[in-house]
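> sequence first, then the predicted structure:
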Amino acid sequence: MQVKIIDHPLIQHKLSLIRDIKTGPKEFRELLDEISMLMAYEITRDLPLETTEIETPVAKCQCKMLAGKKMGVVPILRAGLGMVNGILRLIPAAKVGHVGLYRDPKTLLPVEYYCKLPPDVAERDFVVIDPMLATGGSSAATIDILKREGARHIKLMCLVAAPEGVLLVNKQHPDVEVYTAAVDEYLNDHGYIVPGLGDAGDRIFGTK
Ligand SMILES: O=P(O)(O)OC[C@H]1O[C@H](OP(=O)(O)OP(=O)(O)O)[C@H](O)[C@@H]1O
Ligand SMILES: O=c1cc[nH]c(=O)[nH]1
Ligand SMILES: [Mg+2]
C-alpha cells in the first residue's frame, strides 16, 4: 500500500476531535479547515524554489522564492469543499476546479453530475481533495476526469482513508501520491469507513 500518513501531533489531535460524534457542524468545519491548512504545508514540501535578488533595509541578498509552478485544487463535491479554504490560505494563487460526484448508496459506485476545471489543465499540478477515501471510487473517477482533460501531475489528499480505497487508487493510478491523516481499519457493509467519522458531507453541511 503506497500512502503518506501525515502524523503531525496537531493534525492527529484535531482529527480525534473531528471524529467525535459530539462535534457539531460549526466546529467540524473549523477543524477541517485547520487540518487542511496543516496538511497543505506537508504536501507542498517538494515545490521548487528559485533564487532571486531582494533588497532588505540593510543590504541586497540572494533569496529563495517559489519557482512559480502553476497549481490547481480540485475538491470533490460536496465534502471536498470543506478543505478548499485551508489550502488556499497557503497557496492563494492556486486555481480551483470542481468535480461533482455522489456515491450511489446501493452500488457504492460514483455518479458524475458536475465538472468545471481551469482552462490550462495540462500546465498545472493538481491536488484532488476529499475528506473521505472509502472504496476509492470517487477519487479514482476524479483523477480519471483530470487525466482525460490533460492533467499529468496529480496528488490526492484526504483526511481519513480505508485500506480498500488506498489500494484502488494505487492500482488505477500508480503515478498519484496519496496523502492522508489516517488509514482506518476497514469498510462496513454500507461502505462507511470504520471507525471513520461518519458522513463527511452531512457533518459539514448539517444535512442529517
Ligand atoms: O471512496 P468512495 O467509496 O467513493 O466514497 C467516498 C466519497 O463519499 C463521500 O461523498 P458522498 O457520495 O457522500 O457525497 P457528498 O460529499 O455530496 O455527501 C465522500 O465525500 C467521498 O466523495
Ligand atoms: O465513511 C464514509 C464513507 C464515505 N463517505 C463518507 O462521508 N464517509
Ligand atoms: Mg456524503
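Alright, I've got the coordinates. Residues are numbered from 1 along each chain as shown. Ligands and ions are numbered 1, 2, ... in the order given.

> give me the pLDDT value at the residue lying farthest from the centre of the chain.
Computed with C-alpha atoms, centre = their mean, the maximum C-alpha offset from the centroid of the chain is found at Val58, amounting to 41.2 Å. At Val58, the model reports a pLDDT of 98.

> can I assume it sits in a strand?
No: counting by DSSP: H, G, I helix; E, B strand; the rest coil, Val58 is not found in a strand; it is coil.

> tell me how many other residues surround Cys115.
By the criterion of other C-beta atoms under 10 Å, Cys115 has 17 neighbours. Where you see a C-beta, it was placed from the backbone N, CA and C, and this is true even at glycine.

> so what's it up against?
For Cys115, the contact set (C-beta atoms under 8 Å, 6 or more residues apart in numbering) comprises Gly97, His98, Val99, Gly100, Ile145.

> looks to me like it is in a strand.
Yes: Cys115 forms part of a strand when assessed by three-state DSSP.

> check contacts around Arg45.
Going by C-beta under 8 Å, 6+ apart, the list of residues near Arg45 is empty.

> from ligand 1, how far out is it?
Going from Arg45 to ligand 1 by C-beta to the nearest ligand atom, to the nearest Å gives 25 Å.

> repeat for Ala200
Ala200 is 5 Å from ligand 1, by C-beta to the nearest ligand atom.

> likewise Pro118?
21 Å.

> over to Pro174?
On the measure of C-beta to the nearest ligand atom, Pro174 and ligand 1 end up 18 Å apart.

> what is the burial count for that residue?
Residues near Pro174, counting by other C-beta under 10 Å: 8.

> quickly find the element holding Ala140.
Under the criterion of DSSP states H and E, Ala140 resides in helix 137-148.

> can that helix be found next to ligand 1?
Yes: Helix 137-148 reaches ligand 1 (C-beta under 6 Å from any ligand atom) through Gly137, Ser138, Ser139.

> residues in contact with the closest residue to the first one other than its chain neighbours?
Put plainly, it is Gly137. The shortest distance from Gly137 to any non-neighbouring residue, by C-beta to C-beta, 6 or more residues apart in numbering, is to Pro110 (4.7 Å). Counting by C-beta under 8 Å, 6+ apart, Pro110 touches Leu101, Tyr102, Arg103, Asp104, Gly137, Ser138, Ala141.
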